[in-house]
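Visitor: need a 3D model of the sequence below.
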Amino acid sequence: MRVLGVDPGLTRCGLGAVEGRPGAPLTMVAVGVVRTGSDEELGARLVGIEAGIERWLDDVRPDAVAVERVFSQHNVRTVMGTAQAAGIAVLCAARRGLPVALHTPSEVKAAITGSGTADKKQIGAMVTRLLRLPEMPKPADAADALALAICHVWRGGAQSRLAAALARATPKGSRP
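Guide: Model (predicted):
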């Protein structure tokens with residue numbers, strides 16, 4: 001399974017793709033960020049993020065997309081920009097018929113480090129170790145995107161298989 005992880009943001013939207021399956025070593029496919037200028041108009045920034053994500057989808061050809069679920073922050077302006085960038089990522093994936101999963105930051109942290117309260121440095125260190133990289137991906141948004149993709153391979157793949165098995169086992173017209 002190949003997963004594109006998206007750590008949404010208006011200034012830096014982290015993107016990272018991994019390939020693998022649960023219980024087997026994972027491989028990094030690509031990592032980077034789409035950047036927009038804070039002095040640009042909001043519409044132009046969203047168009048720039050969309051174009052960047054579309055290029056990544058063309059190049060990476062993922063089986064699924066994992067996006068960080070936006071959570072409440074004290075700074076409403078920051079959370080709105082993050083939510084808008086997340087919406088663009090979901091839209092781009094949905095337009096191509098790709099399954100999209102939303103993972104909370106604490107879910108990703110717990111999957112990668114074993115602690116839902118891990119900091120950025122711990123996430124980066126574990127991503128580096130899990131993917132056997134020579135150095136930590138930078139900026140942190142890129143490492144976070146890889147963490148999202150890893151989390152989805154490990155957790156999302158199992159959830160998808162369970163849902164598919166339940167769908168096959170449930171007679172048509174009845175509810176589980």
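Visitor: CA only for contacts and neighbour counts going forward, please
Guide: Fine.
Visitor: need the helices for this protein, in chain order.
Guide: Counting by DSSP state H, the segments of the chain that form helices are 42-60, 76-95, 105-113, 120-130, 140-151, 157-169.
Visitor: now the fourth one: buried residues?
Guide: By neighbour count, with 16 or more other Cα atoms under 10 Å as the criterion, the buried positions of helix 120-130 are Ile123, Gly124, Ala125, Met126, Val127, Thr128, Leu130.
Visitor: now that we have those, can you turn them into JSON lines and tack on pLDDT and distance to Asp59?
Guide: As requested, those are exported to JSON lines (pLDDT from 0 to 100; distance: Cα to Cα, whole Å):
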{"residue": "Ile123", "pLDDT": "94", "distance to Asp59": "25"}
{"residue": "Gly124", "pLDDT": "94", "distance to Asp59": "24"}
{"residue": "Ala125", "pLDDT": "95", "distance to Asp59": "26"}
{"residue": "Met126", "pLDDT": "95", "distance to Asp59": "26"}
{"residue": "Val127", "pLDDT": "96", "distance to Asp59": "22"}
{"residue": "Thr128", "pLDDT": "96", "distance to Asp59": "22"}
{"residue": "Leu130", "pLDDT": "95", "distance to Asp59": "23"}
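Visitor: now, which of those sits nearest Leu26?
Guide: Leu130 (7.2 Å; Cα to Cα).
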